[in-house]
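Participant: missing the sequence, but the structure's below:
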């Protein structure tokens, strides 16, 4: 979140600098003594393009970050409670939000239908606790985290094949 704010500030600064730049209009006259306006200088055009590009990059980064914050599900491999590295940035952004806004979250652990109900409850809890540990690593207080396991009882997708099971092996972040 701090990174995006720096990018936005840089883009705004570039826009202000290009908008505030003062160049003395050249008085170009032809032989008749009539003044001709030659338009913006190459430097002004380059500054404007740079500011527009910086703004485009800042907007794209803001959209990417918002997409990560909109994502609230972490998926796991079969019989696994280890968080894949692809979720690290997403969880760091959620942790930053939780710390900055003093928000609390319920981590809902789930498993697919394979295994006993007791085993799947324990697996869902291990998954939720793994997410909780990573959030704590990013600065979230214990008091902001609640861990719940549903085991196999609340599938996201019904079905008895790998594609369905993969969607059911998850932890969902639910803000209070």
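Facilitator: Received, thanks. Because the structure is a prediction, the values reported are computed rather than measured.
Participant: okay, CA-based contacts and neighbour counts for the rest of this
Facilitator: Will do.
Participant: Packing partners of the host helix or strand of residue 57?
Facilitator: Using DSSP states H and E, residue 57 maps to helix 42-70. The contact analysis (3 or more C-alpha pairs under 8 Å, 6 or more residues apart in numbering; DSSP states H and E) places helix 42-70 against helix 2-20, helix 88-101.
Participant: Least confident of the ones you listed, on average?
Facilitator: For the helices and strands packed on helix 42-70, mean pLDDT drops lowest on helix 2-20, to a mean of 56.
Participant: Which residue, other than its chain neighbours, is closest to residue 157?
Facilitator: Computed as C-alpha to C-alpha, 6 or more residues apart in numbering, the closest residue to residue 157 that is not its neighbour in sequence is residue 164, at 5.5 Å.
Participant: Pull out the buried residues from the helix or strand harbouring that neighbour.
Facilitator: Here residue 164, judged by DSSP H and E, is contained in helix 162-168. Of the residues in helix 162-168, 164, 165, 166, 167, 168 count as buried by neighbour count, 16 or more other C-alpha atoms under 10 Å.
Participant: Mind giving me the packing neighbours of it?
Facilitator: By 3+ C-alpha pairs under 8 Å, 6+ apart, helix 162-168 packs against strand 73-75.
Participant: and if we set it to 6 Å?
Facilitator: Contact here means 3 or more C-alpha pairs under 6 Å, 6 or more residues apart in numbering; DSSP states H and E; on that basis helix 162-168 packs against no helix or strand.
Participant: Show me what counts as buried in the helix or strand just after it.
Facilitator: Downstream of helix 162-168, the first helix or strand assigned by DSSP H and E is strand 170-175. Residues of strand 170-175 classed as buried: 170, 171, 172, 173 (neighbour count, 16+ other C-alpha under 10 Å).
Participant: Ok, stretch 100-109 next?
Facilitator: 103, 104, 105, 106, 107, 108, 109.
Participant: Residue 126: neighbouring residues, count only.
Facilitator: Using other C-alpha atoms under 10 Å, residue 126 has 21 neighbouring residues.
Participant: That one: which element?
Facilitator: Per DSSP H and E: helix 117-137 holds residue 126.
Participant: Could you name the helices and strands sitting against that helix?
Facilitator: Counting by 3+ C-alpha pairs under 6 Å, 6+ apart, the packing neighbours recorded for helix 117-137 are strand 105-110, strand 145-151.
Participant: So which of those is nearest residue 48?
Facilitator: Shortest distance between residue 48 and the helices and strands packed on helix 117-137, using C-alpha to C-alpha, is found for strand 105-110: 43.3 Å.
Participant: Report the strands that pair with that closest one, each with its relative direction.
Facilitator: Strand 105-110 pairs in its sheet with strand 145-151 (parallel), strand 170-175 (antiparallel), by DSSP bridges.
Participant: rewinding a little: for the buried residues of stretch 100-109, give me a markdown table that also has distance to residue 124.
Facilitator: Below are these laid out as a markdown table (distance: C-alpha to C-alpha, whole Å):
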| residue | distance to residue 124 |
| --- | --- |
| 103 | 23 |
| 104 | 20 |
| 105 | 16 |
| 106 | 13 |
| 107 | 10 |
| 108 | 8 |
| 109 | 4 |
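Participant: Fine, thanks again, bye for now.
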